[in-house]
Structures are given as structure tokens and as C-alpha cells.
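Asks: Predicted model follows, preceded by the sequence.
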Amino acid sequence: MYRGFNPFDADDPAAMSYMARSGMMRGPAMRRFDEYFRCYPIIMAPGPERPYLNYGSKIILPPSSLQKISQMHVQWPLMMELVNGEKESQTHAGVLEFVAEEGRAYIPQWMMQTLRLDVGDMIQIKSTSLALAQMVKLQPQSTNFLDISDPKAVLEKAFRNFATLTKGDVFNFSYNDEVYDVAVLEVKPETEKMGVCMIETDVSVEFAPPVGYVEPQKGSGTSTPRSTKGGLPVGGMMHPQGTMAQSINYDAIAPNATTAAAGARAVSSHFLNEGHKLNAKKGAKAPTPKPTTPVAGASSHTVPAPQRRTNGPMPLRLPPNKLFFGYEIKPVKTDADKQEEKEKASKPHFAGQGQTLRGAVKRKGEGDDKGKAPEKKPDEGRRMDGRNA
């Protein structure tokens, strides 16, 4: 039968913890919690598997530890100092649960590595108090950390499992199925314990360059990589056209090429480019007709192919910000362009008066006579015999 919570029940560890926090316990203050345990990885803790507990700074202690802590005047939230006296190393942690077997303490794997502990080694755990963190300086242990697009949001989520951070710790967290190791280089405020509390505080985070990171060297202003041998770029000399363009003589057959335009006009015309006389003079040299289709290698702008030093096809090297599509890109005609072409097509192609190609040749004085009317002579008398009067 449920009796409810009784804060004065001495057999209830929760009630003893409540009395300790509220200051209701009477009598002299007892010494701080200080016990020895055999440490094990937190992945071996009783209960269901919780791998996310490995990426935090909280430990699991036995129930007897809670009973002892409840009889002491300790600062809450509860902070513990973990000491490996044999290796002279220490760190700090919070307490997650009191469900471990008696004599055992389960701690995260990265904490065991920081303290240089093996499974089953003895560890000293003491209660302590830490100041709230103001600033921590971190150093990623791999350049893979630079692949994280938003490290601030990722660390905010990761720090939810951390109660403390200590200078010299190398903790880790999981993100996108990958584990990242991060070292703590500096903490503020600085104290003799070199640890800070990460619970309910605003922390300023600074980053040092990751281990193995190399500053990129400033180039010469071009995006083309260059090799150290003879000042030549990797892959050979750079040409305005690649081997594909050279093999098909793209410079000659490009739409904007002079030879290609001339050949297109010749094909669309009914006449050849040059006229030929039928009655050519003897001894005159007949002009050699020029081919309308360009011949590979005949262009004056063709760049000689570089010497091949390796087997296989040569790389297609183009200047920066240029792509080879084979032909020029023509934009799609819009409705306004189509309407303009339609208006031009509807206009008459010829205007003005028609004229004959062959006109009659005017003779001298003929034009003036035709324009004048014949003059009438005055009537003259005539004789019967035909003589003039």
C-alpha cells in the first residue's frame, strides 16, 4: 500500500537526501564523502544498454553511497572528485544514479582513459564543490571536426550530458554515427581543482586549431594547381583547348569561326565563292578553289599538342571558369523575341516604285523634240498654177 512521501522516514534514502538539502538534519557536520571503489566502464552497468551515457561526465554509484551522502552537508548538485593516486591523475564528475553493485563504480570510457585506469582498478571518489563555468577552451583531436557544419549547436546538445569539465580531460561525443575526441585546454574561473560545473550556466567556448590541421598556403592568384618541377602545372601545360577540341579542330568548326561561316554561306548559296571565266586567257593560272569544309589542322589558331609523357589520354585542361560543351549555348527565345520576329516577317520586303532593269537609250535631241508641239504656219495664198505667191 502506498503511504506517500515522508521526509522524516530514516529508512528512506530519498527522505534523508531531502533533509540534507533542506538543512533539517541536526548535529555536527560530518566529513565529506570519501570512499574507494573498483571502477568499470559505464557500458557494463546493470539495466538496459544505454550507450549515450558513455558520452558524458556522470557516474553511477551504489545505493549505500546515497545513504552516506544524505547524512552529510554537501553542496547540490552533487559533484565528485575522482582520483587515481597510483598514476597521480584526477578529474571531476557528476552522479547519475545510485544503482550500482556495492563496491563498484561505473564511469565513462573516456574518463577511464584520462585517469589511466584499467577495468577493476581501485579509484578514490570524494565529494567536492565546483564553481560555475564561464569559459572553456577546446581543441579537437582530429581535423574531421571541421566537417561539422554547425559546431555550436552540436556542442550545446552534447554538453547536456556533462555535469563537469576539468582541464586536461579528453572527452568525446557522438554525432552522425561518428565519435569526436576533444581536449580541454583551459577553464575559467581558474581554481586549484582545475574543474568547473557545467549545469545551468552560460559558457563561452573557444577553439584551438585541431590536431594535424595545416594552414592553407596562399596561392599565386590562380586556381590552377602547379607542381614544383620546373614550374609546370600538374598534368602538363595548360592550353585554351583540350585534346578533344584539338582532335576535331574545334577552332575551325566553331559557330563563330571565320572559315565555318564562309563554308555555311557557300553551302546555302547557289554560287561558288569565286567566279570563273569561260573564255580564260591562255597562260593564265586558274584559281584553286578553296574547300568549303575546314580541314583538321588548317586553322591558324590551332595550338600544337603538348608532348605526351605518359600513356593514356591527355587531360582536358581549360582556363579557370570555363567549361567545354562542344558548341556555344544559345538562349531560349522568349515570347517577346518571337513576337518581334513575327512583326518583322509581316512587314513588306520592298518599298517604293518599281523600275525596269533595261530601259530604252535616248538619242541626242530626241527627248526635246518629243516634248514640243508642232508649230502651225500661218495660211499662205496659193496660185492656181502652183507657184508661191
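Replies: Thanks, I have the structure now. Numbers count the residues shown, from 1 in each chain.

Asks: only C-alpha atoms for contact and neighbour calcs from this point on.
Replies: Fine.

Asks: Residue ranges in the stretch 251-389 of the chain under the pLDDT threshold?
Replies: Counting by pLDDT under 70, the stretch 251-389 of the chain shows low-confidence ranges at 251-317, 323-329, 349-356, 359-389.

Asks: What lies in contact with stretch 163-182?
Replies: The contact list for stretch 163-182 (Cα atoms under 8 Å, 6 or more residues apart in numbering) reads 55-58, 79, 91-94, 110-111, 114, 138-142, 144-145, 154, 158, 183-187, 194-199.

Asks: Cross these against strands and list the overlap.
Replies: Using DSSP state E, the members of these that fall in strands are 58, 79, 91-94, 138-140, 183-187, 195-197.

Asks: Write the ChimeraX selection for whichever of the contacts of stretch 163-182 are buried.
Replies: Of the contacts of stretch 163-182, the buried ones can be selected in ChimeraX as follows, counting by 16 or more other Cα atoms under 10 Å:
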select :55,56,57,58,79,91,92,93,94,110,111,114,138,139,140,141,145,158,183,184,185,186,187,194,195,196,197,198,199
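
Asks: Could I get the full set of helices for the stretch 51-200 of the chain?
Replies: Counting by DSSP state H, counting those that start in this stretch, one finds helices in the stretch 51-200 of the chain at the ranges 63-70, 109-114, 151-158.

Asks: Name the residues that touch the shortest one?
Replies: Outside of helix 109-114, the residues that reach it under the criterion Cα under 8 Å, 6+ apart are 41, 42, 54, 57, 89, 91, 118, 169, 170, 171, 172.

Asks: try 7 Å
Replies: Here helix 109-114 makes contact (Cα atoms under 7 Å, 6 or more residues apart in numbering) with 41, 54, 169, 170, 171, 172.

Asks: Just the C-alphas of it, formatted as PDB.
Replies: Taking C-alpha atoms only, helix 109-114 is exported to PDB below (Å, rounded to 0.1, in the frame of the first residue of the first chain):
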ATOM      1  CA  GLN A 109      35.200   5.100 -21.000                       C
ATOM      2  CA  TRP A 110      36.900   8.400 -21.900                       C
ATOM      3  CA  MET A 111      37.200   9.100 -18.100                       C
ATOM      4  CA  MET A 112      38.900   5.800 -17.500                       C
ATOM      5  CA  GLN A 113      41.400   6.700 -20.300                       C
ATOM      6  CA  THR A 114      42.000  10.100 -18.800                       C
END
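
Asks: just to revisit the earlier point, among the contacts of helix 109-114, which ones are buried?
Replies: Among those, the ones that count as buried (16+ other Cα under 10 Å) are 41, 54, 169, 170, 171, 172.

Asks: Tabulate these (a markdown table), appending distance to residue 346 and pLDDT.
Replies: Formatted as a markdown table, those follow (distance: Cα to Cα, whole Å; pLDDT from 0 to 100):
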| residue | distance to residue 346 | pLDDT |
| --- | --- | --- |
| 41 | 88 | 93 |
| 54 | 81 | 91 |
| 169 | 84 | 94 |
| 170 | 81 | 94 |
| 171 | 80 | 94 |
| 172 | 77 | 93 |
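
Asks: Closest one to residue 75 out of the residues you listed, please.
Replies: Checking the buried ones among the contacts of helix 109-114 against residue 75 with Cα to Cα, the nearest one is residue 169 at 23.1 Å.

Asks: Ramachandran angles for the closest one?
Replies: Torsion angles at residue 169 (phi, psi; degrees, to the nearest 10) stand at phi -70, psi 150.

Asks: where does the stretch 1-150 of the chain have low pLDDT?
Replies: Scanning the stretch 1-150 of the chain for pLDDT under 70 picks out 1-30.

Asks: Go again with 50.
Replies: 1-3, 10, 23-29 (pLDDT under 50).

Asks: Give the closest residue to residue 207 in space, chain neighbours not counted.
Replies: Nearest residue to residue 207, sequence neighbours excluded (Cα to Cα, 6 or more residues apart in numbering): residue 138, at 5.0 Å.

Asks: Isn't the one you found up against residue 206?
Replies: Yes: with contact defined as Cα atoms under 7 Å, residue 138 reaches residue 206; the gap is 6.2 Å.

Asks: ok so, going back, distance to residue 47 for the buried ones among the contacts of helix 109-114 - can I get that in CSV?
Replies: CSV is the format used below for those (distance: Cα to Cα, whole Å):
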residue, distance to residue 47
41, 14
54, 15
169, 28
170, 27
171, 24
172, 23
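
Asks: Among these, which one lies nearest to residue 67?
Replies: residue 41 (23.4 Å).

Asks: isn't that closest one right up against residue 107?
Replies: Yes: with contact defined as Cα under 7 Å, residue 41 reaches residue 107; the gap is 5.3 Å.

Asks: Now do the shared contacts for the two.
Replies: Joint contacts of residue 41 and residue 107 (Cα under 7 Å, 6+ apart) do not exist.

Asks: Could you pull out the strands in this protein for me?
Replies: Going by DSSP E, the chain shows strands at 34-41, 58-60, 79-84, 89-97, 104-107, 122-128, 135-140, 164-166, 170-175, 178-188, 195-197, 204-207.

Asks: Next, the buried residues of the first one.
Replies: Okay, so that is strand 34-41. Quick answer for strand 34-41 (16+ other Cα under 10 Å): 37, 38, 39, 40, 41.

Asks: What is the nearest of the residues you listed to residue 49?
Replies: Nearest to residue 49 out of the buried residues of strand 34-41 is residue 41 (Cα to Cα; 12.1 Å).

Asks: Show the contacting residues for that closest one.
Replies: By Cα under 7 Å, 6+ apart, the contact list for residue 41 reads 106, 107, 108, 109.

Asks: how about a cut-off of 8 Å?
Replies: Residue 41 neighbours (Cα under 8 Å, 6+ apart): 106, 107, 108, 109, 112, 119.
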